[in-house]
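1. Here is a sequence with its predicted model. Questions after.
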Amino acid sequence: MATFKHISSKNADYGAAEQYLTFEHDEFTMKPTLDKNGQIVPRTGYLISSLNCGDEDFAIACMRSNLKYGKNQKREDVKSHHYIISFDPRDTQDNGLTVDRAQQLGEQFCKEHFPGHQALVCTHPDGHNHSGNIHVHIVINSLRIEEVPLLPYMERPADTREGCKHRCTDAAMEYFKAEVMEMCHRENLYQIDLLNGSKNRITEREYWAKRKGQAALDKENASQAATGEPPKQTKFETDKEKLRRTIRAALSSAVSFEDFSGKLLQQGVTVKESRGRLSYLTPDRTKPITARRLGDDFDRAAVLETLTQNAQNAARAAEKPLPRQEYPRSIKDHLQRNKAAINAPKQDSVQRMVDIAAKKAEGKGKGYEKWATLHNLKQMAATVSVYEESGFSSPEELEAALAAANAGLHETTGKLKAVESTLREKKDLQKQLLAYIKTKSARDGLKAQKTEKARKSYREQHESEFIISESAARYFKAQGISKLPASKALQTEIEQLTKEKNALYNEYREKKASVRELQTVKSNLDKILRREPERGKGRENER
């Protein structure tokens, strides 16, 4: 699943960013890795390019621009912004993502969302611990060297002006995350919902604290093992991880908020509520840790929901209900299930059987025939097992289930296309609205002119602004818009449509996987029963 991170830097040495991207660095100390001769080790397999730097090096171009506009001269100034888009490791095998394609996506993302900034775009083929995830680094000079259009995440006129600086606000991060999700859906890459937080919120600082703590613990355990002493602890936990574990243990058995608070207090943790928000104070701290820093599972709404469920479960257990018979998971149940979100498409549990005769006619040898025979026997057994466990009593019932699954898939596809169409229309409207808002000063200046000659002269001086405003006005008229919507309300509507699209997209992928599973079972069953598939239907169901 693609993730998006931001790091701001006050380092005046712009060359350090390029050095980090092109040479190996120790992930703990962030110092360059040296070989046996004391030379820094270059990275391999990466791609790097610069934008808006002309023929100059990125560092030189940035420093020259800073001197020209008199910006980024103080120690406390943010000199650059570092954005990282990390793709899911599975995208390489499942979706054909390559370093070249990731670099193209990174450059396109930089051009669309950071116009007017000098930038470095670098794609690395691997992540920490050789996880295999391709990731793109985008480093931009905080200074803008040319005037740009007003983008949806910008809030002030200065955000578009030449010689002003880039601001990464909360609204901007929400917008960038939504755009990353849009990009992944468009490219058919794995993606999670980046806008709704996470159950465990791990910050960059906590991530590295855990990595460094685990490395130190492993080193200590190795020295103890050398002397024959057994290790006391093998897994390092940060203070926040320990607190999360303590809170979950208390939540698992508490039935009320008072009970929950009491159980935490027994462990030395005080829970506080202020303005509808929870915070947790441990004995070794003077300042409490807010639920927002721990994750969505620990905020007030999630805690109260869990406590309510615990109370209901306790009440049902007291009633001593009759034992409920458990049935094995079936394809029918799988089709009726409607999850709100899914991270990745499910792989078929049964594979298609091979037509051995057709393959032999193509020239396949005895080795392939032996493998195909064994493969067909395995898939035959798996097909019969799934068919029986699913509760189908006849092939006709299986066909009816497949037809129903296809109908559900087409229905979800229609809803998804409708939301995508509405989202495109809203984004087009937002683009025209932002362009029209930007020309307000020019339109107001024209009204202030007293004579026709002055108005004509003023209009000639601001011709480009009036071309943009008139184009936007024609768009509003063509769309039948008499009253312009508020910019923030329109952005909120776009974000809501994006969330709706993500949910529908995940539902579509799950239903598509279910249809493929049923198609595989039906195809194998037809081969087992030696039934001829109806012409035209085999390929139609795969659309």
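-> Looks like it came in fine.
2. For the stretch 251-400 of the chain, just list every one of the strands.
-> Ranges of strands in the stretch 251-400 of the chain, per DSSP state E, counting those that start in this stretch, are 270-274, 277-281, 289-290.
3. Run me through the strand neighbours of the last one, direction for each.
-> Applying DSSP bridges to the sheet, strand 289-290 is found paired with strand 277-281 (antiparallel).
4. what angle separates the partner strand from strand 270-274?
-> 150 degrees (axes from the mean of the first three to the mean of the last three C-alpha atoms, to 10 degrees).
5. Go through the strands of the stretch 251-400 of the chain and name the closest to M380.
-> Closest to M380 of the strands of the stretch 251-400 of the chain is strand 277-281 (C-beta to C-beta; 55.7 Å). Where you see a C-beta, it was placed from the backbone N, CA and C, and this is true even at glycine.
6. about what we covered before: and L304, which of the strands of the stretch 251-400 of the chain is closest to it?
-> Across the strands of the stretch 251-400 of the chain, closest to L304 is strand 277-281 (C-beta to C-beta), at 9.7 Å.
7. picking up where we left off before, can I get the strands of the stretch 251-400 of the chain in CSV including mean pLDDT?
-> What follows is these, written out as CSV (pLDDT from 0 to 100):
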stretch, mean pLDDT
strand 270-274, 86
strand 277-281, 89
strand 289-290, 87
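8. could those strands go into a markdown table alongside mean neighbour count and distance to K165?
-> Formatted as a markdown table, the strands of the stretch 251-400 of the chain follow (neighbours: other C-beta atoms under 10 Å; distance: least, C-beta to C-beta, whole Å):
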| stretch | mean neighbour count | distance to K165 |
| --- | --- | --- |
| strand 270-274 | 14 | 35 |
| strand 277-281 | 18 | 32 |
| strand 289-290 | 17 | 30 |
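9. Helix or strand: which one has S142?
-> strand 135-144 (DSSP states H and E).
10. Alpha carbons of that strand, as CSV, please.
-> The C-alpha coordinates for strand 135-144 follow below in CSV (Å, rounded to 0.1, in the frame of the first residue of the first chain):
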residue,chain,number,x,y,z
HIS,A,135,9.8,4.5,-3.2
VAL,A,136,10.1,8.0,-4.7
HIS,A,137,11.9,11.0,-2.9
ILE,A,138,10.8,14.5,-3.9
VAL,A,139,13.0,17.2,-2.5
ILE,A,140,11.9,20.8,-3.3
ASN,A,141,13.5,24.2,-2.5
SER,A,142,11.1,25.9,-0.1
LEU,A,143,11.4,29.1,-2.2
ARG,A,144,9.1,29.5,-5.3
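11. Show me what that strand is packed against.
-> The contact analysis (3 or more C-beta pairs under 8 Å, 6 or more residues apart in numbering; DSSP states H and E) places strand 135-144 against helix 14-22, helix 58-69, strand 80-86, helix 99-113, strand 117-124.
12. now the stretch 1-150 of the chain, which segments are flagged as low pLDDT?
-> 1, 28, 128-132 (pLDDT under 70).
13. quick check: domain ranges of this protein?
-> 3-196, 205-318, 331-543 (automatic domain parsing).
14. among those domains, which is the most enclosed?
-> domain 3-196 (a mean of 17; mean count of other C-beta atoms under 10 Å).
15. ok, C122 touching R43?
-> No - at 9.1 Å, C122 does not count as touching R43 under the criterion of C-beta atoms under 8 Å.
16. Quickly list what's touching both of the two.
-> Contact with both C122 and R43 is made by residues L21, T22, according to C-beta atoms under 8 Å, 6 or more residues apart in numbering.
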